[in-house]
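[1] The following block contains a protein sequence and its predicted model.
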Amino acid sequence: MASDRMKKFLGPNGKSILLAYDQGLEHGPSADFNEKNVDPQYIVDIGLKGNFSGLVFQKGVAEKYYPGGKIPLIIKINGKSNLPKGEPVSRQVCTVEEAISIGASGVGYTIYAGSEHESIMLAEFGAIVRDAHKHDIPAIAWIYPRGVAIKNDIVPEIISYAARIGLEIGADAVKIKYTGDPKTFNWAVRSAGKAHVFMSGGPKTPMDEDFLRQVSGVMEAGATGLAVGRNVWQHPEPLKLAEQLKDVVFRGKRLLQVPAK
Ligand code: FBP
């Protein structure tokens, strides 16, 4: 059996917390950044001091700020701004070889499942999986169902479909949104099979408790962990939140789930 290509990104209990910072491209600096977190160095410092399992950058930020082997790196090799309107498509902007030469031990790629341009992204990702596996590094798929055909992108049947797409197309890990409860998220985890499941963070929740409860539900469902950005680096005390996340992801702490209304 093939060895687990994600192992570099996993803690001793096989779980993981990745720190994502590609929102400058995806959303623009005025949407997400403040005086502190506009500086990529601030995120590198959080990643290092908070002992995150890995950083996720686009190649430009990685080239200029990645601190080398102190923390593993995933380079997102496609991306788009939010300026164009219409059916979403995100094309490759960096090769697997380039990513490796910058120091990446994994590559990430977003697929907008359900978009009218889905086939372009599926085909590009297919070639990326081939390249990444040739170098024995993981290809991680951010799978976000989106476009006019998708009425609700967090209903359980859509999220589990996203997870399954990842397994079927050869992703070593899939990054998906939370369904809102551990039972339905467990179906998504099972649908992903041996592909690791990471929860995508989303906009910062006003109360830490709400985010920690989501994370607890995700871990209870059997996920590998989180790939989170805004909830951490928009937090006034990111290292304090990081400790609380580690309690849940690495130390098995669970928070009571509130039944959906
Ligand atoms: P967040 O935790 O900040 O949501 O980051 C996760 C992420 O997948 C980023 O990697 C990416 O930039 C962003 O979400 C995409 O968000 P959107 O849902 O707006 O496409």
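    Now that the structure is in, tell me what you want to look at. Numbering: from 1, shown residues only.
[2] Need the residues that contact stretch 32-45.
    19, 21, 23-24, 29, 55, 57, 61, 64-67, 230, 233-234 (Cβ atoms under 8 Å, 6 or more residues apart in numbering). (C-beta placed from N, C-alpha, C; glycine too.)
[3] ok, of those, which one's closest to residue 8?
    For these, the residue nearest residue 8 by Cβ to Cβ is residue 55; the value is 12.3 Å.
[4] CA atoms of the helix or strand hosting the closest one as CSV?
    Assigning secondary structure by DSSP states H and E places residue 55 in strand 54-58. The C-alpha trace of strand 54-58 is given here as CSV (Å, rounded to 0.1, in the frame of the first residue of the first chain):
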residue,chain,number,x,y,z
GLY,A,54,1.9,23.7,8.0
LEU,A,55,1.5,27.0,6.2
VAL,A,56,-0.6,27.5,3.0
PHE,A,57,0.6,30.3,0.8
GLN,A,58,0.4,31.3,-2.9
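[5] Show me what secondary structure element comes after that strand.
    In the C-terminal direction from strand 54-58 (assignment by DSSP H and E), the next one is helix 59-65.
[6] where does this protein have low pLDDT?
    1-2, 259-261 (pLDDT under 70).
[7] ChimeraX command for the buried members of the contacts of stretch 32-45?
    Filtering the contacts of stretch 32-45 down to the buried ones (16 or more other Cβ atoms under 10 Å) takes a single ChimeraX command:
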select :19,21,23,24,55,57,61,65,66,230,233,234
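[8] Nearest to residue 95 among the contacts of stretch 32-45?
    Using Cβ to Cβ, the shortest approach to residue 95 within the contacts of stretch 32-45 belongs to residue 57, at 15.6 Å.
[9] Quickly note the distance from that closest one to the ligand.
    Look at residue 57 and the ligand: by Cβ to the nearest ligand atom, to the nearest Å, they are 10 Å apart.
[10] Sort out which residues of stretch 28-42 are buried, please.
    Quick answer for stretch 28-42 (16+ other Cβ under 10 Å): 32-33, 37, 40, 42.
[11] Please list the members of those residues that lie in helices.
    32, 40, 42 (DSSP state H).
[12] Contacts only, for whichever residue of the stretch 101-250 of the chain sits closest to the ligand.
    In the stretch 101-250 of the chain, the residue that lies nearest the ligand is residue 201 (2.4 Å; Cβ to the nearest ligand atom). Contact analysis of residue 201 by Cβ under 8 Å, 6+ apart lists 20, 211, 226-232.
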